[in-house]
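[1] coords below, sequence missing:
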């Protein structure tokens, strides 16, 4: 079995914790997020018949990279950048974070997750933008922590990206 | 000579031919192998030329060392003696070069070592202070005094009660768990999560408090659980310890993390999530699961401890012995008091650590203090309070009666059916006084069988006197001469009677009764009897008796108690009647 550290990043209130909570049964209290600034969960997945333990570091939401506790990011094998589809600014935050991550930690697998797909009618981010991001080589998912849409797929896809 | 010359000529020609053929061969060889020869010459020149070879090796040396180091330890081991010798010579030649080179490394290393030593010392100090004022601490101080060790040393030795319950080998950068070992019977949480969260907390502390690069969280303490952290360049060893472990256990962990780094340097360097490669490190980690249980120290009590325990036991035993002995004596004392007539116990107990007894005591009863002495109890340990009372026990009634009446030796007292009987013989004076005191005796007294010695004697004298008569001739008032002896005897008896009566405060009256025959007139007979009685009284008075003792009665012929004498007309006499009366 191999282990991989994944960091969940994104602007404040984009649904990072909800996505993780939808994916795993939590062991630690959510107080950790507000106290230590991170809450850690784990999930065992299979990639090509190989067990992969995903250690999910759910970081407290910050809009700016320099406010993120970068020490939490060290040793990550991949990132999930969560965007709130109803708030365009969160996409900017995510892209900015991605840019800084790449500068600090090199090119690591990441996925852009447009969350709150259940509120698609309220989205500020238009499909064209998403398609453009996909076209430029980014892995993009539309998800909903509320309905569970694409939640498992996000983590599984990143696991595959990290292992292969 | 010519033969010799011929031979020489021949040899010379031969040589010339050989040289010619050699040149040809060389030319041929040059034609066939000229380029190869040039290359060989060039290679030979390179091999022979140290300068060239050194230059060429310098190009590949770095790669060669790198590949060799990756392959095995052979190169390192080969170079080790040379490097060590080189360092030795360098230090000998000019130590400053090495000092300057190591300066950036030695400073932090020394600081770290001092920091850890101080941390260990503080831990020892804390343990010492914790134990300073405890009962255990007191015993340990005695042991320190006895063995000549410092108190801190003894405390440190005695507090080695700990158990390393879990060890986490964590990849320092990612926080991923590389290996985890748990002591027997310890319930562990999800090690992966704990490992990651522990790393996050470490990062959090570092980021929050702005510690310098390379400095890390070293100890966490939660209740009796301690988490000791040993950092390596690539991995962290976190040991969860229950209890107070000795400071030198940290050295053990340091050795372990260094050994792991030594053996798994490449694996740590290139760690990509596969922790199976660290499986062999379990043995190293399991060796760190050390424990020291209280049970192990229980059998190692010092002689001082045993002396102390023995002393305490002896004291308890001694105290128990004396306590039980005194309790037994106290109980025996009370039993003795209860069975002693004239003593009634009303209250017993203990006051201010002393035995206490109170009750009633007849003054004639045995002294409780004497009973206490016989019981062998310490009289100072007993407080007694006795109120006086009169016991109605026969023994005390008799004793008290004897005391009050001062009963003489001839008198016996016997208590029967509620009546005190006085029997025997006593002087008249005692009986007379005793009767006055009978009211002081709280029981009914019966003295009918008590004989009055003096009264008995008086009665005997009275009887003797009253039995005698002094006879007269007919018509005469002078006694017959033959009566002289009788008169003398009467006189003696009367004197004794008078004396005894006086001694016993008894009044006596001697009635002298004059008698006569019935012949003649009554008047004459009366006068004659009067004269006869007066004559006898006169004789007695003349012989020294008090006149007041006597009373004269003229009985004539009548009222004679000896009617026989009257009837025979020989009633010419004087008789006596003694009257005794208490004053």
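    Ah, there it is. All of these numbers come straight from a predicted model, not from anything done at the bench.
[2] check which helix or strand the closest residue to residue B:440 other than its chain neighbours maps to.
    Nearest non-adjacent residue to residue B:440, counting by C-beta to C-beta, 6 or more residues apart in numbering or on different chains: residue B:404, 5.5 Å away. Quick note: C-beta positions are derived from backbone N, CA and C, even for glycine. Per DSSP states H and E, residue B:404 falls inside helix B:394-405.
[3] so what does that helix touch, helix or strand wise?
    strand B:411-416, strand B:419-426, helix B:428-437 (3 or more C-beta pairs under 8 Å, 6 or more residues apart in numbering or on different chains; DSSP states H and E).
[4] middle-most residue in chain A, spatially?
    residue A:80 (2.3 Å; C-alpha atoms, centre = their mean).
[5] I'd like the distance between it and chain B.
    Counting by C-beta to the nearest C-beta, to the nearest Å, the separation of residue A:80 from chain B is 16 Å.
[6] just checking: what are the partner strands of the host helix or strand of that residue?
    Residue A:80 is part of strand A:78-84 when elements are defined by DSSP H and E. For strand A:78-84, the paired strands and their directions (DSSP bridges) read strand A:2-10 (parallel), strand A:110-115 (parallel).
[7] closest to residue B:460 out of those strands?
    Closest to residue B:460 of those is strand A:2-10 (C-beta to C-beta; 143.0 Å).
[8] hmm, back to that, could you dump the strands paired with strand A:78-84 into TSV with mean pLDDT and mean neighbour count added?
    What follows is those, written out as TSV (pLDDT from 0 to 100; neighbours: other C-beta atoms under 10 Å in any protein chain shown):
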stretch	mean pLDDT	mean neighbour count
strand A:2-10	93	25
strand A:110-115	96	26
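[9] got CSV for the helices and strands packed on helix B:394-405, with mean neighbour count too?
    Converted to CSV, those look like this (neighbours: other C-beta atoms under 10 Å in any protein chain shown):
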stretch, mean neighbour count
strand B:411-416, 15
strand B:419-426, 17
helix B:428-437, 16
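[10] quick one, which of those is nearest to chain A?
    Closest to chain A of the helices and strands packed on helix B:394-405, according to C-beta to the nearest C-beta: strand B:411-416, at 98.2 Å.
[11] now the angle from the closest one to helix B:394-405?
    Relative orientation of strand B:411-416 and helix B:394-405, computed by axes from the mean of the first three to the mean of the last three C-alpha atoms, to 10 degrees: 140 degrees.
[12] adjacent strands (with direction) for strand B:411-416?
    By DSSP bridges, strand B:411-416 pairs with strand B:419-426 (antiparallel).
[13] out of the strands paired with strand A:78-84, which comes closest to residue B:554?
    strand A:2-10 (165.2 Å).
[14] could you measure from residue B:353 over to residue B:378?
    12 Å (C-beta to C-beta, to the nearest Å).
[15] avg pLDDT for the helix or strand where residue B:94 lies?
    Secondary structure assignment for residue B:94, by DSSP H and E: helix B:74-132. Average pLDDT, helix B:74-132: 72.
[16] quick check: next helix or strand after it?
    helix B:135-147.
[17] around chain A, pick out the residues from chain B.
    B:171-177, B:189-190, B:192-193, B:196-197, B:200-201, B:203-204, B:206-207, B:272-276 (C-beta under 8 Å from any C-beta of the partner chain).
[18] one more time with 10 Å
    Residues of chain B lying near chain A by C-beta under 10 Å from any C-beta of the partner chain: B:171-178, B:189-190, B:192-208, B:271-276.
[19] give me the ChimeraX select line for those, limited to the buried ones.
    Here is the ChimeraX command that selects the buried residues among these (16 or more other C-beta atoms under 10 Å in any protein chain shown):
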select /B:171,172,173,174,175,176,177,178,192,193,194,195,196,197,198,199,200,201,202,203,204,206,271,273,275
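[20] in helices, which of the residues of chain B next to chain A appear?
    Among these, the members found in helices (DSSP state H) are B:192-208.
[21] domain map for chain B?
    B:160-298, B:305-388, B:394-448, B:454-582 (automatic domain parsing).
[22] got CSV for these, with mean pLDDT too?
    Shown next, in CSV, are the domains of chain B (pLDDT from 0 to 100):
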stretch, mean pLDDT
domain B:160-298, 84
domain B:305-388, 90
domain B:394-448, 88
domain B:454-582, 88
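[23] let me know the pLDDT of the residue nearest to residue B:305 when sequence neighbours are not counted.
    Closest residue to residue B:305 apart from its sequence neighbours, by C-beta to C-beta, 6+ apart: residue B:139 at 6.5 Å. If you check residue B:139, the pLDDT there is 81.
[24] what number of residues lie near residue B:139?
    Number of residues near residue B:139 (other C-beta atoms under 10 Å in any protein chain shown) recorded here: 19.
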